[in-house]
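Asker: how would this look folded up:
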Amino acid sequence: MKPPAPDRLLTCDQAAELLGTAASFPRYLIAQRKIRFVRVGRLVRIPESAIAEYIATGTVQPVTAWAHRRRRTG
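Answerer: Next up, the predicted model:
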């Protein structure tokens, strides 16, 4: 059985391109420890799966029409 393929490691520029942001945004996420990253010597790389996890945790699900109309009174 073949072991799973290792995660592709992205530079900050590549991660920014995937996120559709400026190159400084992935650096900000790394500085704030809001995303997983890997140090390769003095270089910093972001696993492709970490980008997918970051997007998944920040995804907001739509509100149903009924829940949106219901308001709390009291």
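
Asker: hey, what's the nearest residue in space to residue 9 that is not next to it in sequence bridged with?
Answerer: Sequence neighbours aside, residue 45 is the residue nearest to residue 9 in space, at 3.7 Å (criterion: Cβ to Cβ, 6 or more residues apart in numbering). (C-beta placed from N, C-alpha, C; glycine too.) With DSSP bridges as the criterion, residue 45 is bridged to residue 38.

Asker: Now do the contacts for residue 45.
Answerer: Residue 45 is in contact with 9-11, 37-39, counting by Cβ atoms under 8 Å, 6 or more residues apart in numbering.

Asker: Repeat the analysis, applying 7 Å as the threshold.
Answerer: With contacts defined as Cβ atoms under 7 Å, 6 or more residues apart in numbering, residue 45 is in contact with 9-11, 37-38.

Asker: ok, it to residue 51 distance?
Answerer: For residue 45, the distance to residue 51 equals 11 Å [Cβ to Cβ, to the nearest Å].

Asker: Now do the longest helix along the chain: which elements does it pack against?
Answerer: The residue-count maximum for a helix in the chain (DSSP state H) belongs to helix 48-58. Packing partners of helix 48-58 (3 or more Cβ pairs under 7 Å, 6 or more residues apart in numbering; DSSP states H and E): helix 12-19.
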